[in-house]
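[1] give the three-dimensional model of this entry:
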Amino acid sequence: MNSYSAFRVALLSAATLSSQVVFANAPGACQLNGAVKHIVYIQFDNVHLERDNPNVPSDLEQMPNLLNFLQGSGTLLANHHTPLISHTADDILTSLTGVYGDRHGQPVSNSFRFFNPDGSTSSSSSFVYWTDPITATNPTPVMINEQGRVPPAPWVPFTRKGCDVGQVSVANTILENTTSDILKVFGASSPEATEANANPTLAQADFVGIGVHCGFGSTLCAGNPNARNDVLRNEPGGYAGFKALFGHKYVAAGISPSAPLTDLDGNPISDGKGNNGFPGFDGMAAKVTLSYIAKMLESGIPIVFSYISDAHDNHVGGSAPCNVISATATCAYGPGEAGYVAALHAYDVAFGEFFARLAADGIDTSNTLFVVSSEEQDHFAGTQNPTPAGCDGVTVPCTYVHTTTPVNSANVGEVNVNLSRLLRTETGNTTPFTVHSDMAPTFYITGNPAQTSAITRQLERDLASLTTFNPYKGTTETMVDLILDQAGMAMLHMVTADQTRTPTFVTFQKGDYFGFTSGTAACTATNFTDCVNIQSGFAWNHGGYQPEISTSWLGLVGPGVNAGGRDTATWTDHADIRPTFIALAGLVDSYAQEGRVIVEALLDGALPASLSGANRAAFIDLAQMYKRIDAPVGELGLVTLNASTFAIKSNDPSDATYTACEAKINQWVQTRNDLALQMNTMLQNAAFNGQAVNPAASAPLITQANALVAAATCQ
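    I've put the predicted structure just below:
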């Protein structure tokens, strides 16, 4: 076990309760503490607080019903961050669990690669049900914690207290497919499996995307023939006797037995193919998701987690003005484009209707905690000068060119780069490798050579040297900004218990580029446009370190939350979301989280004495320093990215610079791990065990952490 894995196991052992403890389940009505009676958790896919074009109001500015609610009734944290690599699966799972990718298994997503015994690689989706293995023949969990087991499930603290937990299209908490997931939950000879074989489209609408994990003794699941065992074999403290409803078909039968579920406009929720039911993950517009939430709450389900699809893309296809490529293709809108503005307006209307409906039901800020965020932000790959000049989208629509013929005639879309062909053309390097295609592609060299091998080092240097012609800038530039190998990955929480899925290295490219690999034929066109060209079907690039991607936002409204408006100072990230709402609900997790309670946004009266009054300042000082050294895009993480790049790009005799810098990075990781473990234990004890942070004990840790950050340089 390496030092990093040892740190993670030590962190687990610092959890509030041992895995040997048997939890006392609380049957009957949902038992939360304090004024919080409901929790509404909403996570957008890619909705921006800041403007992507200075002339065009941002996504949230175009949704005033939501923005005003968050800023007027609670706190909107604008200095909020994602982990790296910043993608939907990693971001949502970090938010749900309060731990980073090294402890939930998906630091590389929304799919990931892994080495096979023969040195080749295979790929798996990140989106599977919580307990799924990679394949039937590879029992390694997709979701894997530091002990090599399935991580604790995020609904468990609530269901143990008798609370039903609704899941609306939230990653890995519901069935994600009509194949392995249906077989796992319902069985190969079940009617559900038979339907999936005969009509997978209907099965998708019936069983995927929607679910309810029932509380202990829940009346929704008790005696319900549609309920199935909620099986969590590795759950700390055990998890026997719990049930769940999987799929729109069975959830709707429980909460709307006499009429079909409808969206907020009153239309039956359907997949657009003639089937009432789950409309697909790209079909979760605000009016659909918010209707599911409202109906679940009205039916007595007090905790609801949900996902809303992005508004940047034309998910319908065919009819939107931007779709000029084919009659069936989808396309990506640019800021201020008519279809994009219309989608945001529809979202805004939906939130207005949603808040009014809940208020009429008596579900409001006096008794309900609203947690709203966006998993990742995106870099817009396209022109900053749409036509007409000065358009703002709202009063004057912005127009973009979407056609890809002739090449690079579009002015919106990612710049796709065929890495293997460009590499061969510019450097002659034909080393066999596979990539997880991305703005921040991860590389897996065939045969899985050592980090210090000549093959690895040469490929790293050659990739770092690649230049591309950027059609938006009209200039040739170095494509790769930063490069990270496994030493640096450990600092950024990217090394899991499954060593086969650890990449050889990862590159972080400039914002416009998306890297993939196909063949090794030389690039021959002018400016190598046969290998580097605009693809207008995708324009919102994510995964990178850039602030417009890794800086998100978090809104908190409800009992115990300060109505503080917009907070631009407090540094937080996705791992902090869970401990904050768990603490406000008066619950305790069965494991140590890597996030911390965001007390800066909370009122003293909602906090235990160990976090409030005279104890507040010491907690905040320690928590803020902890995030600086432990968060993937905290100060130490970003310093490590630069140090790793300097080391990898070096090319002196005997690789002396690289060797010396790698040794430093490994030492930084070990020092960080030791400090973070001590800090985390103090923060967890203050939040959940009533033990206030002792300034005399925390001050030396803060001093050491400051010294670590100050000394972290290889140049």
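[2] count of neighbours near residue 608?
    A count of nearby residues for residue 608, using other CB atoms under 10 Å, gives 17. No exception for glycine: its C-beta is placed from N, CA and C like everyone else's.
[3] quick one, phi/psi of it?
    Backbone torsions of residue 608, given as degrees, to the nearest 10, read phi -70, psi 160.
[4] out of everything not next to it in sequence, what's closest to it?
    Nearest residue to residue 608 in three dimensions, chain neighbours excluded: residue 690, at 5.9 Å (CB to CB, 6 or more residues apart in numbering).
[5] can you point out the buried residues in the longest helix along the chain?
    Using DSSP state H, we find that the single longest helix of the chain is helix 656-688. Across helix 656-688, burial judged by 16 or more other CB atoms under 10 Å covers 657-658, 661-662, 664-666, 668-673, 675-688.
[6] cool, and stretch 397-412?
    In stretch 397-412, counting by 16+ other CB under 10 Å, buried: 397, 398, 399, 400, 401, 402, 404, 408, 410, 411, 412.
[7] give the rounded mean pLDDT of it.
    Mean pLDDT, stretch 397-412: 91.
[8] contacts for it, please.
    The contact list for stretch 397-412 (CB atoms under 8 Å, 6 or more residues apart in numbering) reads 53, 56, 322-325, 331-338, 341, 381-383, 386-388, 391-392, 413, 471-472, 525, 529, 533-536, 539.
[9] now it, how far from the centre of its chain.
    30 Å (CA atoms, centre = their mean, to the nearest Å).
[10] list buried residues within the contacts of stretch 397-412.
    Buried, going by 16+ other CB under 10 Å: 53, 56, 322-323, 325, 331-337, 341, 381-383, 386, 391-392, 413, 471-472, 529, 533-534, 536, 539, out of the contacts of stretch 397-412.
[11] and those residues, which of them are in helices?
    residue 341.
[12] reformat the buried residues of stretch 397-412 as a markdown table; add distance to residue 515 and secondary structure.
    Below are the buried residues of stretch 397-412 laid out as a markdown table (distance: CB to CB, whole Å; DSSP: H, G, I helix; E, B strand; the rest coil):
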| residue | distance to residue 515 | secondary structure |
| --- | --- | --- |
| 397 | 33 | coil |
| 398 | 28 | strand |
| 399 | 29 | strand |
| 400 | 23 | coil |
| 401 | 24 | coil |
| 402 | 22 | coil |
| 404 | 18 | coil |
| 408 | 17 | coil |
| 410 | 19 | coil |
| 411 | 21 | coil |
| 412 | 19 | strand |
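[13] now, the most widely separated pair of these?
    With CB to CB as the measure, no two of the buried residues of stretch 397-412 lie farther apart than 397 and 408, at 23.9 Å.
[14] which pLDDT value does the model give the spatially closest residue to residue 350 that is not a sequence neighbour?
    Leaving out its chain neighbours, the residue that sits closest to residue 350 by CB to CB, 6+ apart is residue 286, at 3.8 Å. Looking at residue 286, its pLDDT stands at 98.
[15] pull the contacting residues for residue 286.
    So residue 286 contacts 264, 308, 346, 347, 350, 351, 354 (CB under 8 Å, 6+ apart).
[16] just residue 706 next, same as before
    By CB under 8 Å, 6+ apart, the contact list for residue 706 reads residue 625.
[17] that one falls within a strand, correct?
    No: remark: residue 706 does not belong to a strand; assigned using DSSP: H, G, I helix; E, B strand; the rest coil, it is helix.
[18] hmm, back to that, give me the distance between the residue nearest to residue 608 and residue 678.
    19 Å (CB to CB, to the nearest Å).
[19] quick check: next helix or strand after the helix or strand bottoming out on mean pLDDT in the chain?
    Between all helices and strands in the chain, the lowest mean by mean pLDDT, DSSP states H and E belongs to helix 3-13, at a mean of 48. Counting by DSSP states H and E, the next helix or strand C-terminal to helix 3-13 is strand 38-44.
[20] helices and strands around whichever helix or strand comes after that next one, which ones?
    Counting by DSSP H and E, the next helix or strand C-terminal to strand 38-44 is helix 64-73. Secondary-structure packing of helix 64-73 (3 or more CB pairs under 8 Å, 6 or more residues apart in numbering; DSSP states H and E): helix 338-360, strand 368-374, strand 551-557, strand 565-567.
[21] tell me what the shortest one is packed against?
    Just to be clear, that refers to strand 565-567. helix 64-73, strand 74-81.
[22] go again using 10 Å as the cut-off
    Strand 565-567 sits against helix 64-73, strand 74-81, strand 551-557, with contacts defined as 3 or more CB pairs under 10 Å, 6 or more residues apart in numbering; DSSP states H and E.
[23] and among these, the most buried is which?
    When the helices and strands packed on strand 565-567 are scored by mean count of other CB atoms under 10 Å, the highest mean neighbour count falls to strand 551-557 (a mean of 25).
[24] and that strand, how far from the chain's centre?
    The chain centre lies 14 Å from the centre of strand 551-557; the measure is CA atoms, centre = their mean.
[25] partner strands of that strand, parallel or antiparallel?
    strand 74-81 (antiparallel), strand 368-374 (antiparallel) (DSSP bridges).
[26] dump the first one to CSV, restricted to CA.
    Looking back up the chat, that one is strand 74-81. Coordinates of each C-alpha in strand 74-81 appear next as CSV, following Å, rounded to 0.1, in the frame of the first residue of the first chain:
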residue,chain,number,x,y,z
GLY,A,74,-30.0,32.8,1.4
THR,A,75,-26.3,32.8,0.5
LEU,A,76,-24.9,32.4,-3.0
LEU,A,77,-21.3,31.2,-2.7
ALA,A,78,-19.6,32.5,-5.9
ASN,A,79,-16.1,31.3,-5.0
HIS,A,80,-17.1,27.6,-5.3
HIS,A,81,-15.0,25.0,-7.1
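[27] for residue 556, what are its contacts?
    Going by CB atoms under 10 Å, 6 or more residues apart in numbering, residue 556 touches 70, 73-77, 369-373, 562, 564, 567, 577, 580-581, 584, 598, 601-602.
[28] 7 Å - rerun?
    When contacts are counted by CB atoms under 7 Å, 6 or more residues apart in numbering, residue 556 touches 74, 75, 371, 601.
[29] from residue 271, how far off is the residue nearest to residue 350?
    18 Å.
[30] ditto for residue 702
    On the measure of CB to CB, residue 702 and residue 271 end up 53 Å apart.
[31] and for residue 280?
    Distance check for residue 280 against residue 271: by CB to CB, it reads 6 Å.
[32] what of residue 135?
    From residue 135 to residue 271 the distance is 27 Å (CB to CB).
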